[in-house]
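*Asks:* quick one: sequence and predicted model below, then my questions.
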Amino acid sequence: METRETFSFQSEGKQLLDLMIHSVYSNREIFLRELISNASDGLDKLRVASLTEEALRPLFVDPHIRIAVDRKARLLRLSDNGIGMNREELVSYLGTIAKSGTKEFIRHLAERKEPLTPELIGQFGVGFYSSFMVADSVEVLTRKAGEGEAWLWKSSGDGVYTIEKASREGCGTTVALHLKPVGGGGEDEESLRPWESSSEEDFTDEGRICSIVRRYSDFVAYPIRMEVQNLDDEGKESGTKDEVLNSMKAIWTRPESEVSDDEYKEFYAHVSRDWAEPLTRIVYSAEGVTSFRALLYLPSKAPFDLFLREGERGIQLYVKRVFIMQDCKELIPEYLRFLRGVVDAEDLPLNLSREILQQDRRITVIRRSLTRKVLEELKALRGRDRGSYTAFWKEFGKVLKEGIFADERNRETLLSLALFCTTEREWITLDEYLESLKPEQKAVYHLSGGKLETLRNSPHLEAFQERGYEVLLLDDPVDDFWTGVVERYRDKPLKSVAKGAADLGEREEEAEKSDQAREERFAPLLKALAERLAEDVSSVRLSKRLTASPACLVGEAHSMTPQMEQLFRGMGQSVPKLKRILEVNPGHAVLERLRRRFEADGSLGDYPELLYGQATLAEGGAPADPARFARLVADLLERDLEGKR
Ligand code: ADP
């Protein structure tokens, strides 16, 4: 009976693998860090499982990681006695390189012509596959804790892998790398790779391995053992001895002054599996009702799945230096989900269940205290290094803004932290906005919906810009949500320039009078337009916000925006059709002529639909029936040309 089965990697996984194998990346040694992190996770998992499963308890003895090299065979082996994997897990964990969304992400990068750097590759959770940067082929022998069967996974990184039954003493995982040759020399051009000429890259060299482990994995909580050459008193080799390569010291328990920047960075790579450097770190310890220490990091780049919310790496929870769980969502509010790091609590029970976590008051205390600390640190970062802060905001601002909506307690602080693009400037704070308010300006004005460029050209801005009022341009979908709950900032109300009546400040009495006369003149036309467009708009009125465009659509002061309507529809919710107000500009020649025509013969032609359609287009929307709208425009062009012949 054939016992070896062959499988293929899914196509985007293969693509990712090819990119990684062929990228000329100088930091190949990080494959070891990735494998050690996986082994350490595997041991953590067994420890946690053995707390609840009696049968597994005897298996968690002498947890450790072992590295062994065979220089002649160019073989490097890394084993652990952790949780191991069964056949299904092998297929799903090591056969699925790419996460959901990867395909779109790679395409997106290709479209923007961005190179796929190792930092970007690192985002895909391809840790294990980095072995193929240094190995021609990789074997994984693994046995799941509590199960009798062991499995052997093999691949040469060429699109397929095999799985066969095998045997292994005890549970855990052994990864064996058949290392690429050192120094090139192969006849095949493929094997003449630039890095191979450097002796630095000999991963069978004991000294080299020791230094890589100390550099990247010193704080790993389990001993990393290796048999090394023993030197006698005269420095001669005499047999071998077993050595523990790492200090196992929890980095967050050491005083900040004694930990180097590099150590902090390596720890970040370990907890986050992010291959890029973090933007900054937050070291915090709190004492009181609940004592805990935290070492948190702000990543420099948002992971591509920030909005898919299935990321696994968040904040690790430890209790008294013992690992409890990988991604403890209860420790921070969702709008800070991009934070990575560790929280080590002093007075929580070791056998924490998810239910306890969700209810425990001490967890709430930790979450509040961490949130406050993180927001303080963000403020400090902004003061210290505006450039970095702006870069941070561009990556994560969208997420933080969810907090303005969701976290009432910190709403004011989050508002003060937010950066905005406006009609005049980029990435300013609300306080900076208030500082340059025109003396007669009564409100903080904003416009949302659509891309920045569309917003910049929106007819809604006309009268505001004419008066020199700066308007915040809100181009994130989340903006519609928080602007719906925030009434004011400091003492100024927040107002959308696309909603309600445009109240632009005091007006002269003279102007008021002529306004009234105009209202009367236009009243019959407005009524007729409203009747013709009754299906689409709630009313038609004269606009105070338009100076150059003939018409625009505005919402009621508290109505949904068209973007929200779309969002809710997208989520499968039924939303009543949103009818807005059509505002027309009485100062525009089109309206004046239409008024005269209507007065003369009571006809409106296709103009109501044309006005409505182009008001929709001007704000970045699409007419409900684009083909019909195009035909109306074509008819109009034809009539215009006819008249000119
Ligand atoms: P990541 O570790 O970022 O999830 P990897 O590609 O490195 O991505 O590993 C994929 C999965 O394979 C891991 O999440 C884990 O479930 C499993 N795995 C890898 N190595 C081990 C190991 N030594 N012990 C147990 N499980 C492992």
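*Replies:* Structure received. Numbers count the residues shown, from 1 in each chain.
*Asks:* what lies in contact with the helix or strand hosting residue 341?
*Replies:* Residue 341 belongs to strand 340-345 when assigned by DSSP states H and E. Strand 340-345 is contacted from outside by 250, 252-253, 268, 271-272, 274, 278, 281-282, 290-297, 299, 313-321, 328, 331, 362, 366, 370, using CB atoms under 8 Å, 6 or more residues apart in numbering. To be clear about C-beta, it is placed using only N, CA and C from the backbone, and glycine gets the same treatment.
*Asks:* pull up the pairing partners for that strand, direction included.
*Replies:* strand 292-299 (antiparallel), strand 315-319 (parallel) (DSSP bridges).
*Asks:* the helix or strand that the shortest one is followed by: which residues count as buried?
*Replies:* Right, strand 315-319. Toward the C-terminus, strand 315-319 is succeeded by strand 322-325 as the next helix or strand (DSSP H and E). Within strand 322-325, the residues scored as buried using 16 or more other CB atoms under 10 Å are 323-325.
*Asks:* same check on stretch 40-53?
*Replies:* By neighbour count on 16+ other CB under 10 Å, the buried set for stretch 40-53 is 40-50.
*Asks:* same deal with stretch 349-356?
*Replies:* Residues of stretch 349-356 classed as buried: residue 352 (neighbour count, 16+ other CB under 10 Å).
*Asks:* how long is it from one end to the other?
*Replies:* Taking CA to CA, to the nearest Å as the measure, stretch 349-356 stretches 10 Å from start to finish.
*Asks:* so which of the buried residues of stretch 40-53 also contact the ligand?
*Replies:* Restricting the buried residues of stretch 40-53 to those touching the ligand (CB under 6 Å from any ligand atom) yields residue 42.
*Asks:* and of the buried residues of stretch 40-53, the nearest to the ligand?
*Replies:* When the buried residues of stretch 40-53 are compared for distance to the ligand (CB to the nearest ligand atom), residue 42 wins out at 2.8 Å.
*Asks:* part of a helix, is residue 404?
*Replies:* Yes - Residue 404 forms part of a helix when assessed by DSSP: H, G, I helix; E, B strand; the rest coil.
*Asks:* what's near enough to touch it?
*Replies:* Residues in contact with residue 404 (CB under 8 Å, 6+ apart) are 411, 414-415, 418, 482, 485-486.
*Asks:* just the buried ones from the residues you listed, in PyMOL syntax?
*Replies:* Buried residues among the contacts of residue 404 (16+ other CB under 10 Å), as a PyMOL selection:
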select buried, resi 411+414+415+418+482+486
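*Asks:* out of the contacts of residue 404, list just those in helices.
*Replies:* In helices, defined here by DSSP state H, the members of the contacts of residue 404 are 411, 414-415, 482, 485.
*Asks:* can you tell me which two in those are farthest apart?
*Replies:* Pairwise distances across the ones in helices among the contacts of residue 404 peak at 11.9 Å for 414 and 485 (criterion: CB to CB).
*Asks:* on that earlier part again, in CSV: the buried residues of stretch 40-53, plus pLDDT.
*Replies:* Below are the buried residues of stretch 40-53 laid out as CSV (pLDDT from 0 to 100):
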residue, pLDDT
40, 95
41, 92
42, 95
43, 96
44, 93
45, 94
46, 96
47, 92
48, 89
49, 92
50, 91
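*Asks:* adding distance to residue 164 and secondary structure, write the buried residues of stretch 40-53 out as JSON lines.
*Replies:* Shown next, in JSON lines, are the buried residues of stretch 40-53 (distance: CB to CB, whole Å; DSSP: H, G, I helix; E, B strand; the rest coil):
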{"residue": "40", "distance to residue 164": "27", "secondary structure": "helix"}
{"residue": "41", "distance to residue 164": "25", "secondary structure": "helix"}
{"residue": "42", "distance to residue 164": "21", "secondary structure": "helix"}
{"residue": "43", "distance to residue 164": "25", "secondary structure": "helix"}
{"residue": "44", "distance to residue 164": "28", "secondary structure": "helix"}
{"residue": "45", "distance to residue 164": "24", "secondary structure": "helix"}
{"residue": "46", "distance to residue 164": "24", "secondary structure": "helix"}
{"residue": "47", "distance to residue 164": "29", "secondary structure": "helix"}
{"residue": "48", "distance to residue 164": "30", "secondary structure": "helix"}
{"residue": "49", "distance to residue 164": "26", "secondary structure": "helix"}
{"residue": "50", "distance to residue 164": "29", "secondary structure": "helix"}
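*Asks:* which bits of this structure sit near the ligand?
*Replies:* Proximity of the chain to the ligand, by CB under 6 Å from any ligand atom, involves residues 34, 38-39, 42, 80, 82-85, 93-94, 125-128, 173, 273.
*Asks:* filter these down to just the buried residues.
*Replies:* Among these, the ones that count as buried by 16+ other CB under 10 Å are 34, 38-39, 42, 80, 82-85, 94, 125-128, 173, 273.
*Asks:* between the contacts of residue 404, which is closest to the ligand?
*Replies:* The nearest member of those to the ligand, counting by CB to the nearest ligand atom, is residue 414 at 30.7 Å.
*Asks:* where does the stretch 101-250 of the chain dip in pLDDT?
*Replies:* Within the stretch 101-250 of the chain, the set of residues satisfying pLDDT under 70 comprises 101, 114-116, 118, 122, 125, 183-200.
*Asks:* so what's residue 417 up against?
*Replies:* 375, 378-379, 382, 400, 429 are the contacts of residue 417 under CB under 8 Å, 6+ apart.
*Asks:* tell me which of the residues you listed is nearest to residue 263?
*Replies:* residue 378 (23.7 Å).
*Asks:* thought that closest one was touching residue 389?
*Replies:* Yes - between residue 378 and residue 389 there is a contact at 7.4 Å, judged by CB atoms under 8 Å.
*Asks:* chain neighbours aside, what residue packs nearest to residue 489?
*Replies:* Nearest non-adjacent residue to residue 489, counting by CB to CB, 6 or more residues apart in numbering: residue 430, 5.1 Å away.
*Asks:* neighbours of that neighbour, how many?
*Replies:* Residue 430: 19 surrounding residues under other CB atoms under 10 Å.
*Asks:* and it, how far is that from residue 76?
*Replies:* 55 Å (CB to CB, to the nearest Å).
*Asks:* do the same with residue 108
*Replies:* 36 Å.
*Asks:* so between the two, which is more surrounded?
*Replies:* residue 76 (24 against 12).
*Asks:* any idea whether that one is helix, strand or coil?
*Replies:* Look at residue 76: counting by three-state DSSP, its state is strand.
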